[in-house]
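K.L.:
Predicted model and sequence below, questions to follow.
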Amino acid sequence: MNVKKLISIIAVAGIVIATAVGIYVYFKAFTSNTQFSQDEIYVYIPTNSTYEQVVEIVKPLVKDFEKFDFVATSRNYSTNVKAGKFLFKKDMTSFDMVRSLRLNVPVQVAFNNQETLDKLLQRLSTQLEPDTLVLKEAFTNEIFLNENQLSKETALTLFIPNTYEFYWNTSATKIANKMAKEHQKFWNQQRLEKARILNMSPAEVYILASIVHKETVKADERPRVAGAYLNRLNQDMPLQADPTVIYAIKATTGDFDQVIKRVGGKNLFVNSPYNTYINKGLPPGPIAMPDISAIDAVLNAEKHDYIYFCADPSRPGYHAFETTYEAHLINAKKYAEWVNKLGIKL
């Protein structure tokens, strides 16, 4: 056999082998290999997971695990696992799945109208990896509170209701630091100056805003309500805000899920620092997470002489405002008669 023929045979053999290898790799890596019916599914890989732990998470979603393992090993994923939230699509190949496991998908975290820090952290823990206890430690440890001029009672004032972007596996410490930065960004020089004119700190503005937020759902009425409360504070009067009584009842009973539609009678004297019927000034912390509109309503409160107000039956959702107690009693009587007709009892 001459050299040319030998070379030709070797070349042909090489092509055959290369083709066979190519077909093998294609079959392993580039054919559909999912076994879930949804169009998309998210895979969550916890921090510090090993490849063996990833296998337990991914295996139920994969049709032929041997193919997946072949690609994961050949692309060094098995020795370089990444934590996070990852997107798998129906009919993905093993190659696509392994590539997807390197593309951490951001999470849009939204929160508003939370009554307590615990409730808020429970919500966050359903959207991000850190659990409630780890989050609470990050937001209430002494160093963090001191750095942000907060206390455990005012820790909720750090949170400005909005939508924020995180990676699912972001640590609790990084989450806390980001929220602190967002808080500083919100309290720009313009807002800080308005708070200074009111002789209030950002936390105090937030606390009053939480009461305004709970007092009225009508955003266009909030500046007037805020103005009335500020008038009471400036005259050293108790705020006598019904929403604080509701919060005080919930806090003293430990039941924040109960629905309280009306307050009065002995409820007005519930022993709590949050009850503004028996305590002058602001409560020690917010009674809810106020909307931005409520915060800005306090900062841009309507200037008027109103001291008293109660719900106005003729304008559902709105209130009737008065400057004298005698006129207020007339409105209060109308409201009491209206709620009695509705059968709403204390």
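P.N.:
Structure's in. What do you need?
K.L.:
Walk me through the domains of this structure.
P.N.:
29-100, 107-186, 199-342 (automatic domain parsing).
K.L.:
and of these, who's closest to residue 193?
P.N.:
Closest to residue 193 of the domains of the chain, according to Cβ to Cβ: domain 199-342, at 9.3 Å. Where C-beta positions appear, they are placed from N, C-alpha and C, glycine not excepted.
K.L.:
And the closest one, end to end?
P.N.:
Counting by Cα to Cα, to the nearest Å, you get 42 Å between the two ends of domain 199-342.
K.L.:
where does the stretch 1-150 of the chain dip in pLDDT?
P.N.:
1-30 (pLDDT under 70).
K.L.:
show me where it has helices.
P.N.:
3-29, 51-58, 65-74, 94-100, 117-127, 132-140, 142-147 (DSSP state H, counting those that start in this stretch).
K.L.:
Repeat that for the stretch 201-346 of the chain.
P.N.:
Under DSSP H, counting those that start in this stretch, the stretch 201-346 of the chain gives helices at 202-215, 222-234, 242-253, 292-299, 325-342.
K.L.:
can you pull the buried residues of stretch 120-134?
P.N.:
120, 121, 123, 124, 125, 128, 129, 130, 132, 134 (16 or more other Cβ atoms under 10 Å).
K.L.:
Next: stretch 134-151.
P.N.:
For stretch 134-151, by 16+ other Cβ under 10 Å, it's 134, 135, 136, 138, 139, 140, 144, 145, 148, 150.
K.L.:
So which of those residues is the closest to residue 78?
P.N.:
residue 134 (28.4 Å).
K.L.:
and that closest one, what does it touch?
P.N.:
residue 172 (Cβ atoms under 8 Å, 6 or more residues apart in numbering).
K.L.:
distance of it from residue 160?
P.N.:
22 Å (Cβ to Cβ, to the nearest Å).
K.L.:
nearest residue to the residue most central in space within the chain other than its sequence neighbours?
P.N.:
Central residue of the chain (Cα atoms, centre = their mean): residue 111, 3.2 Å from the mean position. Counting by Cβ to Cβ, 6 or more residues apart in numbering, the nearest residue to residue 111 once its immediate chain neighbours are dropped is residue 123, at 5.5 Å.
K.L.:
hmm, back to that, mind putting the domains of the chain in a markdown table, distance to residue 193 included?
P.N.:
Putting those into a markdown table (distance: least, Cβ to Cβ, whole Å) gives the following:
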| stretch | distance to residue 193 |
| --- | --- |
| domain 29-100 | 41 |
| domain 107-186 | 14 |
| domain 199-342 | 9 |
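K.L.:
Out of those domains, which is closest to residue 192?
P.N.:
Across the domains of the chain, closest to residue 192 is domain 199-342 (Cβ to Cβ), at 7.1 Å.
K.L.:
what's the closest non-adjacent residue to residue 135?
P.N.:
residue 121 (4.5 Å).
K.L.:
Quick check: residue 60 vs residue 132, distance?
P.N.:
Taken as Cβ to Cβ, the span from residue 60 to residue 132 is 27 Å.
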